[in-house]
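Student: got a predicted structure plus its sequence, pasted below:
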Amino acid sequence: MFEIVSYEDVDEKRINENHILIDVRSPSEYKSETIPGAYNIPIFNDKERELIGTIYKQESIEKAKKIGIETASKHLPNIYEQVLEFDKKYNNLIFFCARGGFRSSSLVSLFKSIGINAIKLDGGYKGYRKYINSHLPQIVKKIKFIVLYGNTGTGKTNILKCLNEKGIDILDLEGCANHRGSVLGNVGLGEQNTQKMFESLVYESLKNRKTNLVFVEGESKRIGKDIIPDYLYNAMKSGINIKIEANIEKRVDNLFTEYVHDTDNELISSLNYLRKYLGDKNIDKYIELIANHEYRQVIEELIIKYYDPLYEHNNRKYSAVFSSSNTSKTSEKIMEWTRTFFVNTEENKTGAK
C-alpha cells in the first residue's frame, strides 16, 4: 500500500519540504494548467490519451485499461530514468494526474514497490483546484491592497517589481496572466495563461506574502482572456488608491522598452484590431512607420489618440500622487508615504476613541 497526501498537507508543509510534485498527465494537459512548480513526466502522450479516452467512452472500461497498460509499459524505461534522477535529489516524490486515478496510482504503486519514496496526491489536479477555490478567497479577505493607477506607460509594473525587490509584498496580476491587459497586451509574451493557471499563480503569490498589506496594479475586470474573480476585484476596489504620473517622453521610453524587441509582426497584427477605433488611415500609417522602425512616433500617437482617452472619464479619488521619473526613487517615496500614512491612520483611530 502507498501513502496518499492531500494538497493541504503539501501547502501547510506537513510533509518534508524537500519534495517535488510530478504531473503525469499528458503534455497538453500540463501546458494548459498545472500546479505551479510541478514537473511533467507524462505516462501517455496526447494522441495516446485521446485514443484511450475514446475507447473508455465508446467501447469498454476493461479494454481501455488493457490498452492503457500496454501503452504505458512502452514508456516505463524512460519514466523510470527521470524518476530515479528526482529520487536522488528529493525525499518525497508526489505524483498526481487529473483526479488521482489510474495514471498516478499505477506509477506510485510501481515505484513504491522498488524502493522509491513515491506518494500520491489525493484527488489529483482536480483536488488541488478545489483547494485553491476554497482557500484563495479566504486569503484575499485578510489583505489590504494599495492599488497603483495611472495612464498607460507611466511605469506601474516597473514600480511594482522594484517594490518587490525592496522586500515589499506585491501581486503582479499581469505577470500571473502573462498578458498586459490591453489590445497589444500579449505582444512579445507568447501564449497567455489559462484562467485556472492565472488563479493558481495569484494564490502562490499571495500565500507567500510576509504581511497583509499588498501592492497591486489597478486593472479592469478582464486581463486578456483571464477574469479577475469578484472577491479579488472587489477587494482591490476597496483598497487605497495611489496615482502614478509620468511625462510623455518617459511613457514612450517605457513602452518602447517593453514592446519593441523583434515584435513587428505581433505589433502589426494587434494594431489591426484598433481599426474600428482609430480608422484605417491611422492604422495604415502606423504599420508603415513600424516597417520603417519609427516606433516612437507610433507609441506617442497611440498614447494620445487611444490610451489616454480611455481614462478621461475616470473620476477616481487618490490618497497620493507620485511622479515616476525614476523607478527606484519613486518606489522609495511610495514606501515612505505608506509608513507615514498608516501611522497617521492609526493615530486618527486612537484619537477618535
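Tutor: Perfect, thanks for sending it. Numbering: from 1, shown residues only.
Student: leaving aside the residues next to it on the chain, what's closest to residue 232?
Tutor: Excluding its sequence neighbours, the residue lying closest to residue 232 (CB to CB, 6 or more residues apart in numbering) is residue 140, at 5.3 Å. All C-beta atoms are positioned from the backbone trio N, CA, C, and that covers glycine.
Student: care to break the chain down by domain?
Tutor: What the TED database lists as the domains of the chain is 4-131, 143-351.
Student: could you give the mean pLDDT of the last one?
Tutor: Throughout domain 143-351, pLDDT has a mean value of 92.
Student: on that earlier part again, is it true that the residue nearest to residue 232 touches residue 206?
Tutor: Yes: checked against CB atoms under 8 Å, the pair residue 140 and residue 206 is within contact range at 7.1 Å.
Student: which parts of the protein are strands?
Tutor: 3-5, 19-23, 39-40, 92-96, 118-121, 144-149, 170-171, 213-217, 222-223, 226-227, 240-245, 320-323 (DSSP state E).
Student: partner strands of the third one, with direction?
Tutor: Each strand paired with strand 39-40, and its direction, by DSSP bridges: strand 19-23 (parallel).
Student: angle of the partner strand against strand 92-96?
Tutor: Taking axes from the mean of the first three to the mean of the last three CA atoms, to 10 degrees, one finds strand 19-23 and strand 92-96 inclined to each other by 20 degrees.
Student: only alpha carbons, please: show strand 19-23 as CSV.
Tutor: Extracted as CSV, the C-alpha positions of strand 19-23 are listed here (Å, rounded to 0.1, in the frame of the first residue of the first chain):
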residue,chain,number,x,y,z
HIS,A,19,9.8,17.3,-2.3
ILE,A,20,8.8,17.6,-5.9
LEU,A,21,5.3,17.5,-7.5
ILE,A,22,5.2,15.3,-10.6
ASP,A,23,2.4,15.8,-13.1
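Student: and residue 248, what is it in contact with?
Tutor: 300, 303, 304 (CB atoms under 8 Å, 6 or more residues apart in numbering).
Student: show the model's pLDDT score for residue 67.
Tutor: Note for residue 67: predicted pLDDT of 89.
Student: tally of neighbours for it?
Tutor: 17 (other CB atoms under 10 Å).
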